[in-house]
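1. Next input, structure requested:
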Amino acid sequence: MSKQSIAYVAVDKVALHFDKEYSYIVPPALREAIHVGTRVAVPFGGGNRKRQGLVLSLVESEPQGELKPVAELIDQTPILSGEMLSLVMYLKQHTLCTYYEAVHLVLPAGLNMAFSVTYAISSGCDINSLQLSGERLEIVSCLLKQKKPMSEKKLFAAAGINERSAALKGLVAEGVIIKQQEAARRTKDERVLMVRLSPAAEGEFGRLSEKQSRVVELLEQFGSASVKEVFYYTEAAKSTLDVMCKRGITEYFEREVLRTPYAAQAAENAPPPDLSEAQQAVYEGLRQLCTGDHPEAALLFGITGSGKTHIFLKLIADELEKGRQAIMLVPEIALTPQMLQRFHAVFGSKVAVLHSGLSLGERLDEYKRIRSGEACIAVGTRSAVFAPFENLGLIIIDEEQEHTYKSESAPRYHAREVAKFRCAQHRALLLMASATPSIETFYHAKTGRYKLFELTERFGEAVLPQVVVVNMGDEAAAGNTGAISSPLAQEIEQNLIKGEQTILFINRRGYHTLVTCAECGEVLTCPNCSIALTYHRANDRMMCHYCGYVHTPEHKCSHCGSEHIKQLGLGTQKVEDQLAELFPEARVLRMDADTTLAKYSYDEYLSRFARGEYDILVGTQMVAKGLDFENVSLVGVLSADRFLYTTDFRGLERSFSLLTQVVGRSGRGTKRGRAYIQTYTPEHEIIELSARQDYREFYEGELLCRKNLLYPPFCSFCVIGFSGENEGQTLLAANELLKLLQGLVKNEYEDVPLKVFGPCPSSVLKVANKYRYRLIIKCRDDRRTRMLLQQLLCEYGRLPYAKTVSAFIDLNYDGPV
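-> Numbering: from 1, shown residues only. Down below sits the predicted model:
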C-alpha cells in the first residue's frame, strides 16, 4: 500500500486543552506546493467548517485511518522560517498559550485570514419547479433578491434564521443552494494603477493626437508611470488612456506600493556620531562581543544623558557592514520619533518601524520590507522583537526595566526573554541599556551572567541637574494648595524670561481624580468597575479609565442626597489650567492619552516642542523618559508621593526609576539643569536616593529586601488569574483549581517547589463587569514547573467552571502582590 503525505497542523481558535498538532492528509494536488511553515485551510470539528492552520511538520507514513484532507493552501511559500517556527514552540512552552496564539503574535495582524461563509442559488436549479413554502421560501426569496452570493450574517438577519435552521440545511443538501467558505486576508495590499507601452505595438503607434503623443513620449522615456503621474505630466484624461489601451498602444497593470509611514524622514547618510573617550571604551568592549560565534548578553549601565544612543548607532553600523541586521526596542511609542530621527539620519531607508500606532496596512508593509531585505534595522516597541530578520547580529533593549516590555494579554511574553531566545538562535548580542536597570538585570550583570559596561558621566559639556526637594506640607501651611509650589513657580518664571523650556510630570490624566460626598463620604465609582471615576473638564464628563464608561457629573449625592460634592485629586488638565492662570503668556503643551489619540500625534507634538513652539510641556509617563531636548533646563515632578505606596513588589523600584528618569530630562545640553520634586514626604528614602541619582545604594538595599522575602531574582512569581461575571462562581472556580494544583503536586510533581497564596481578589476586583481573583505562586521558572502549570490549565479547561470563569497563567508576573 502506498504511503500517504501527512501534514501536522496547528489549528486556529482552539481551546488550550484541545490544542495539539492535528494530522491531515495532503491531497496529491498539493503535495508539491505545501511546505512546513505555510498556512492552510482545514476542515475542523463536526461541521467541518474551514479554519486557518499552520503546517508544523510533514511526514510520509502508512495510511492512518480516516483523516480529513487539507482543504486548500493559503500561502504559496512558507510564511514562517525555521527560526520563527522554533519561536512559536518557545512561546507555547514558556507562556502557556496555544500554538496559534503564538502564530498570531509572530505574524503582523494584516496577514491574518478571515473565513467567510456565503450562500447563493445554484445555477443549475429550476426554482419555478420547486414547491417552496414557509422558511424555505423566505430563504430562497432573500437570495433571489440579492442576485449574488450572500454572506451568512446578512442571510440570517434577512430571513430570520440561524445556523441551526433545518430548512437551510435541507436546501443545501438538495443542491438548491450552494454554500461556500472562502478565505480572505483582513488587510489588502496597497496597489496603484500603472500604464506602459504595449509590447504588441512594436513601436508602431499610428496617428496620435497631441495628448497621446505626450503620453507615448513619457512612457518611452521612463518605461512606465502611474496613471496619476501620466495625468500630471501630460494633462491627458482617463478617457485618453482608455482609447490608447483599446488601440493596443498602451496597457494597464497594477503594482504594489508599500505604505512606508516615515518615508519623508528617510534621508541618509550622516556618519554615526563621534564618541567620547568613555563611550569609545564601552563601544570597543561591546564590539568585541559581536565578533564571537556564540550568543552574548550585556548591560550598558549609563546615567541619564551619557550618550548611550551614540554607541547603539556605531554598533548597528558595524553589524550592517558585516551583512547582518539589528532590532532596536524602545518602551513607549512616544520615544519612537526622536529615536527614528537619529536612525534615519544615519541609516535612511534601511530603517523599518514597528509599533501599534501604525495602521494594519503600514505594519504589514514594514514587515514586507524586512522580509525582502529592503530594511535591515527594525525600530519599535515590544512587538518589534518579532521582526522577521534571518541574520540578526544585534538586539538592543533601551530602558530595559520598563514594564511595557511585558505583555498583559495572551501570550504573556516579555520582550527581553524573546530577545534572548532569538539572539541564541542567531549567535547575536543582546544589549540591554538603562540608567536604572531592573533589579534582576543588574543582579545578573553583577554576578557574571551578563557582561557589564558603565558610563558614569554625561556626554559633552552636560552635567547632572541640581535637584531640589519641595515639602508640599510647608506649601499647604503657607496657604498654597495649588499644583505648583512657590519655588517651582519662580523657576518656571525664570525659564520663561530666559527663553528656556520646562517639563512638568504628573502621572494622572483628567482634571480631578476623585469625586466624593462631603457628608457621607460616598465616592462616585464606575458601575462596571471597582474604580473611582475621573472628572474630565474638557468634555465635562466623569470617565472610567478602565472600561471607558462616561457619566454626566452629579450635583447631588446619589447615596444621601447632599449637595456638598467635593472634587479632589490632580490631573494633567487641572495642571494645564493652573499654568494658564499663573503664566498667561506661556505656551503650554499637554501630552497624555487624551491629546495623543490622533495618528502621528506624538511625532507632531514632540517636533513642535523641539522647535521651541511651546514653553512648557506637561504630561504623563510619555514625557518622563528617553526624551532629549537641549533647551529643557527645568523639570518638575508634581506629585511624587503617589508612586511610593503601592502593593506592587516592584513599586519602590519603579518609583526610583521614574523619578530618576524624569530628573534626567533636564540639562541635557549646555545649560545647567534643575529639577524640583514636590512631595509631602521629603524624608522618604526613595525621594532622597532619586534626588542624589544614587542607583547603587538603592540596588543594594532593595536586593537585600528581595532576598529576605524570597522575591525575584531569587524566585519567580506566577499568577493564575480568574475572571467571571458572578463573583461567587469566580471564587469557587479559583478554589477548585487550587484543589487540582494540590492534587497534581502530591501525585505527579512532588519535585516542584511551590509556595501558593490565595485565592484573593485582584488589585482591582471588577473590570468591565467581570470579577477577578487570583492565586499567587512563588516558584522556579523551569521545565517541570511549566509542565505542571500546562497540565493544570488543561485539566481546569475540562471542568464545568471553565464555561463561565476563564483562567490564565502569567509566568514571571511583575505586578501587585
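
2. gap between stretch 244-255 and the chain center?
-> 43 Å (CA atoms, centre = their mean, to the nearest Å).

3. what about the nearest residue to Ser690 once chain neighbours are set aside, how many residues close to it?
-> Excluding the flanking residues, the one nearest Ser690 by CB to CB, 6 or more residues apart in numbering is Leu659, at 3.7 Å. In short, each C-beta sits where N, CA and C put it, glycine included. By other CB atoms under 10 Å, 27 other residues sit near Leu659.

4. Leu659 contacts Ser639, doesn't it?
-> No: between Leu659 and Ser639 there is no contact, the gap being 11.3 Å when judged by CB atoms under 8 Å.

5. The residue nearest to Ser690 belongs to a helix?
-> Yes: secondary structure assignment places Leu659 in a helix (DSSP: H, G, I helix; E, B strand; the rest coil).

6. Quick check: beta-bridge partners of Tyr252?
-> On the basis of DSSP bridges, Tyr252 is bridged to Val195.

7. element containing the residue nearest to Ala387 when sequence neighbours are not counted, please.
-> The shortest distance from Ala387 to any non-neighbouring residue, by CB to CB, 6+ apart, is to Ala378 (3.7 Å). In this assignment (DSSP states H and E), Ala378 forms part of strand 377-380.

8. Show me the contact partners of that strand.
-> 316, 320, 325-330, 336, 339-340, 343, 347, 350-355, 366, 370, 384, 387, 389 (CB atoms under 8 Å, 6 or more residues apart in numbering).

9. Tell me which entries of these lie within strands.
-> Judged by DSSP state E, the contacts of strand 377-380 include Gln325, Ala326, Ile327, Met328, Leu329, Val351, Ala352, Val353, Leu354 as members of strands.

10. wait, which of these is closest to Arg247?
-> Among those, Ala352 lies closest to Arg247 (CB to CB), at 42.9 Å.

11. Find the nearest non-adjacent residue to the closest one, please.
-> In space, Ala352 is closest to Ala375, 3.7 Å off (CB to CB, 6+ apart).

12. Is it correct that the one you found is in contact with Lys368?
-> No: because the distance of 9.2 Å does not satisfy CB under 8 Å, Ala375 is recorded as not touching Lys368.

13. neighbour-wise, which of those two wins?
-> Higher neighbour count among Ala375 and Lys368: Ala375, with 26 against 20, using other CB under 10 Å.

14. List the contacts of the more buried one.
-> With contact taken as CB under 8 Å, 6+ apart, Ala375 is in contact with Ser349, Lys350, Val351, Ala352, Glu366, Arg369.

15. Scan those residues and report the most crowded one.
-> Ranking those using other CB under 10 Å puts Glu366 first, with 29 neighbours.

16. Tell me how far the closest residue to that one other than its chain neighbours lies from Phe343.
-> Excluding its sequence neighbours, the residue lying closest to Glu366 (CB to CB, 6+ apart) is Ala352, at 4.4 Å. Here Ala352 is placed at a distance of 10 Å from Phe343 (CB to CB, to the nearest Å).

17. how about stretch 327-346: buried residues?
-> Residues 327-340, 342-346 are the ones in stretch 327-346 that count as buried (16 or more other CB atoms under 10 Å).

18. any weak-confidence spans in the stretch 501-650 of the chain?
-> 597-600, 626 (pLDDT under 70).

19. do that again at 50, thanks
-> Within the stretch 501-650 of the chain, no range satisfies pLDDT under 50.

20. now for whichever strand or helix holds Ala734, which elements pack on it?
-> According to DSSP H and E, Ala734 maps onto helix 727-747. The contact analysis (3 or more CB pairs under 8 Å, 6 or more residues apart in numbering; DSSP states H and E) places helix 727-747 against strand 716-724, strand 755-767, strand 770-779, helix 783-797, strand 805-811.

21. Columns mean neighbour count and mean pLDDT on top of these, output as TSV?
-> Listed next are the helices and strands packed on helix 727-747 as TSV, based on neighbours: other CB atoms under 10 Å; pLDDT from 0 to 100:
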stretch	mean neighbour count	mean pLDDT
strand 716-724	22	93
strand 755-767	16	91
strand 770-779	21	94
helix 783-797	18	93
strand 805-811	21	92
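
22. What segments of the stretch 401-550 of the chain are helices?
-> Under the criterion DSSP state H, counting those that start in this stretch, helices of the stretch 401-550 of the chain are mapped to 415-426, 439-446, 472-477, 486-498.

23. Give me the mean pLDDT for the last one.
-> What it means is helix 486-498. When pLDDT is averaged along helix 486-498, the result is 92.

24. what comes up buried for that helix?
-> Those would be Leu488, Ala489, Glu491, Ile492, Asn495, Leu496, for helix 486-498 by 16+ other CB under 10 Å.

25. Who are the contact partners of the fourth one?
-> Same thing as Ile492. Ile484, Thr502, Leu582, Phe583, Ala586, Ile616, Leu634, Gly636.

26. If you rank these by neighbours, which is first?
-> For these, neighbours tallied by other CB under 10 Å; top is Gly636, 30 neighbours.

27. still on that earlier bit, wait, which of the helices of the stretch 401-550 of the chain is closest to Leu56?
-> When the helices of the stretch 401-550 of the chain are ranked by proximity to Leu56 (CB to CB), helix 415-426 comes first, at 17.3 Å.

28. what helices or strands is the closest one leaning on?
-> Contact here means 3+ CB pairs under 8 Å, 6+ apart; on that basis helix 415-426 packs against helix 82-95, strand 296-302, strand 325-329, strand 392-398, strand 429-434.

29. now the ones you listed in CSV, with distance to Leu689 and mean pLDDT?
-> Converted to CSV, the helices and strands packed on helix 415-426 look like this (distance: least, CB to CB, whole Å; pLDDT from 0 to 100):
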stretch, distance to Leu689, mean pLDDT
helix 82-95, 34, 94
strand 296-302, 16, 95
strand 325-329, 27, 96
strand 392-398, 23, 95
strand 429-434, 16, 96
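
30. Could you single out the most deeply buried of those?
-> strand 325-329 (a mean of 28; mean count of other CB atoms under 10 Å).

31. Skipping its backbone neighbours, what lies nearest Leu354 in space?
-> Nearest one to Leu354, counting by CB to CB, 6+ apart, is Gly380 at 3.6 Å.

32. thinking again about what came up before, between the helices and strands packed on helix 727-747, which gets nearest to His17?
-> Per CB to CB, nearest to His17 of the helices and strands packed on helix 727-747: helix 783-797, 3.5 Å.

33. What strand or helix carries the residue lying closest to Lys68 once chain neighbours are set aside?
-> Using CB to CB, 6+ apart and skipping residues adjacent in sequence, the residue nearest Lys68 is Pro43, 5.0 Å away. Pro43 belongs to strand 39-44 when assigned by DSSP H and E.
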